[in-house]
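J.: fold the following.
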Amino acid sequence: MPKEKVIARLIINKEHFEILVDPELAWLLKNGKDVDLKELLVSDIIYKDARKGEKASETSIIKNFGTTDLKTIVTTIIRKGELQLTTEQRRQMIENKKKQIIAFIARNCVDPHTGLPHPPTRIENAIENIRISIDPFKPVEQQANDVIKALRTILPLKISQVTLSIHAKKEYASKVKDYVSKTGELSRSEWLSDGSWRGEVTITAGIQQTVIDRLNEISKGDISVNIIRKT
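T.: Numbering: from 1, shown residues only. Reported below is the predicted structural model:
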């Protein structure tokens, strides 16, 4: 499937510079995250008018950016410029993000009275009733927490969680600890005499596999991860 695309635009000295980008990755980059340039860009062309297909000249690019390095130019445009969405793009992105949030809640939450998940249609109807706004760029996990808090006023919800026990070798310990500290709630953290790190972190059940995959990626598969508790 073709990438979803929006225009990122920056005006320097009255000259326009535009690129076609994936909207969510562009938003992450704009907020300081590192993203894969190949995944971010729909096209590696720097335009002066993307809708007309008019390219910016190399002379203009060098004069205003001081370089022809694509990563530097793209990062500057996104972080200093603005993302251009059509009304239809924004509507579609909000609808897609809402579906992702509903799926996240259905996967991570249960009715505390029955212990069973709520059907997606029930969650969707409840979201319509509370009329909470959905940000097309903000990550699903962050918005889901806000939506869950609002939904609890009309729908009984309990977040399913798992606690992982992790032991990372010295070479990867700092990166592993930093990652899990940002991902979940640390209930145990200790540095061992050999420089390795051991800890316990509680996360939402729905991101369990994502977290384990990322830990394996950081440690090149040389890590101990065990599920010690589910609630």
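J.: any chance you could map the helices in this protein?
T.: Along the chain, the segments classed as helices by DSSP state H run 23-30, 37-40, 58-65, 70-80, 87-108, 120-130, 140-151, 173-183, 208-218.
J.: now tabulate these in TSV and tack on mean neighbour count, distance to I166 and mean pLDDT.
T.: The way it works is simple: take the backbone N, C-alpha and C, and place the C-beta from them, glycine included. Shown next, in TSV, are the helices of the chain (neighbours: other Cβ atoms under 10 Å; distance: least, Cβ to Cβ, whole Å; pLDDT from 0 to 100):
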stretch	mean neighbour count	distance to I166	mean pLDDT
helix 23-30	20	25	87
helix 37-40	14	28	93
helix 58-65	14	43	96
helix 70-80	17	33	96
helix 87-108	16	21	89
helix 120-130	15	31	93
helix 140-151	18	19	87
helix 173-183	17	6	93
helix 208-218	15	7	91
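J.: tabulate those (CSV), appending distance to H16.
T.: Formatted as CSV, those follow (distance: least, Cβ to Cβ, whole Å):
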stretch, distance to H16
helix 23-30, 17
helix 37-40, 20
helix 58-65, 10
helix 70-80, 10
helix 87-108, 19
helix 120-130, 38
helix 140-151, 32
helix 173-183, 37
helix 208-218, 38
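J.: how is the protein partitioned into domains?
T.: Residue ranges of the domains in the chain are recorded as 6-84, 87-158, 160-230, according to automatic domain parsing.
J.: how long is the longest one end to end?
T.: Think domain 6-84. Distance across domain 6-84, first residue to last, is 6 Å (Cα to Cα, to the nearest Å).
J.: now the second one
T.: Distance between the boundary residues of domain 87-158 (Cα to Cα) amounts to 35 Å.
J.: just give me how far that domain sits from the chain centre.
T.: Relative to its parent chain, domain 87-158 has a centroid offset of 16 Å by Cα atoms, centre = their mean, to the nearest Å.
J.: again, but for the longest one
T.: The chain centre lies 20 Å from the centre of domain 6-84; the measure is Cα atoms, centre = their mean.
J.: cheers, nothing more for now.
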